[in-house]
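Novice: Sharing a model that was predicted from the sequence below.
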Amino acid sequence: WVLSDFEVGKPLGRGKFGHVYLAREKRSNQIVALKVLFKSQLKQSQVEHQLRREVEIQSHLRHPNILRLYGYFYDQTRVYLILEYAAKGELYKELTRCKHFNEKRSATYIASLARALIYLHGKHVIHRDIKPENLLIGTQGELKIADFGWSVHTFNRRRTMCGTLDYLPPEMVEKTEHDYHVDIWSLGILCYEFLYGVPPFEAKEHSETYRRIVNVDLKFPLKPLVSPAAKDLIAQMLVKNSASRLPLHKVLEHPWIVQNAD
Ligand SMILES: CC(C)CCNC(=O)Cn1cc(-c2ccc3c(-c4nc5ccccc5[nH]4)n[nH]c3c2)cn1
């Protein structure tokens, strides 16, 4: 690929390492998201090797709920990533607009994320950082894990974006080693945030968020009204002992998912 193979359109997002543009591949007329990274930025942040590893991993991933990396190329000064275009944009903007999602929509999203995580764990890929900022919505309203990986953010990053602790499980906050169970914790945080509009351990100070996470200080507000089944699932994922968290295949069999997910 070369840049002239594409007709570049409006910016879709911008981040530390570069911008993402809407683009059309001229021969096929395929619409893509073209991410442009500056080699200078990559060099000074020493992320070239990490980028190569991420590109290697992502180019082999094929799942309906994981954003495709179609390919990449580079020129003198920049690296270009050819990414799947998600027609309905960023999930967190939709969550901000709706305040919170209903139980059907939340359960449908959680089920598709659980299936994507089962696929990733099957490929020994973990900690895909599944907070709302890393999720996009496809043409049919389906969820896509975009995994901005090494902190490339799109437009208007969320207020808690910079270094948010909200999604970290106790073992990561306490800096012990972590394994694929971290993704089950993050899925629980995400399920709570879909239903209530805020993450469960949010607090003004980082130190307070830290304390609430390590104590699993889980409280369910009276509003909006959320079914006991949903709370039961969340409580089974937000468990301090990582080995006791509900396994992903059990998430898919949970009554709340079975009754509410499309
Ligand atoms: C190291 C590399 C292999 C990681 C690959 N993953 C990324 O670079 C993650 N990433 C995805 C994007 C991204 C950002 C926005 C979009 C969009 C998109 N669609 C939109 C529709 C309306 C408004 C905004 C939209 N952004 N589609 N696909 C995207 C892809 C930016 N970074």
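Specialist: Structure's in. What do you need?

Novice: Can you name the residues of this protein sitting close to the ligand?
Specialist: On the criterion CB under 6 Å from any ligand atom, the ligand has as its neighbours in the chain the residues 12-13, 20, 33, 35, 51, 54-55, 58, 69, 81, 83-87, 89-90, 136, 146-149, 152, 154. C-beta here means a position set from N, CA and C on the backbone, and glycine is covered the same way.

Novice: Let's test this: mean pLDDT of stretch 188-204, rounded?
Specialist: The average of the pLDDT scores along stretch 188-204 is 97.

Novice: Tell me the buried residues in it?
Specialist: Within stretch 188-204, the residues that qualify as buried by neighbour count (16 or more other CB atoms under 10 Å) are 188-196, 199-203.

Novice: and of the residues you listed, the nearest to W1?
Specialist: Nearest to W1 among the buried residues of stretch 188-204 is L190, at 34.0 Å by CB to CB.

Novice: Can you tell me the closest non-neighbouring residue to the closest one?
Specialist: The shortest distance from L190 to any non-neighbouring residue, by CB to CB, 6 or more residues apart in numbering, is to I130 (6.1 Å).

Novice: For Q30, see how far away E84 is.
Specialist: Separation of E84 from Q30 (CB to CB, to the nearest Å) stands at 10 Å.

Novice: Any stretches of the stretch 51-200 of the chain with poor pLDDT?
Specialist: Low-confidence regions of the stretch 51-200 of the chain, defined here as pLDDT under 70, cover residues 127-128, 148-163, 175-178.

Novice: And the helices in it, which stretches?
Specialist: 91-98, 103-122, 170-173, 181-196 (DSSP state H, counting those that start in this stretch).

Novice: Give me the buried positions along the longest one.
Specialist: Applying a neighbour-count criterion of 16+ other CB under 10 Å, the buried positions in helix 103-122 are 103, 105-121.

Novice: and what of the shortest one?
Specialist: Residues of helix 170-173 classed as buried by neighbour count (16+ other CB under 10 Å): P170, E171, M172.

Novice: now swap in stretch 46-66 and tell me
Specialist: In terms of neighbour count (16+ other CB under 10 Å), stretch 46-66 has its buried residues at V47, L51, E54, V55, I57, Q58, L61, H63, N65, I66.

Novice: Residues contacting stretch 234-243, please?
Specialist: For stretch 234-243, contacts defined as CB atoms under 8 Å, 6 or more residues apart in numbering pick out 169-171, 178-179, 181-182, 184-185, 187-189, 191-192, 195, 200, 214, 216, 218, 220, 245-246, 251, 254.

Novice: In the stretch 101-250 of the chain, which residue sits closest to the ligand?
Specialist: Residue of the stretch 101-250 of the chain nearest the ligand, by CB to the nearest ligand atom: A146 (4.1 Å).
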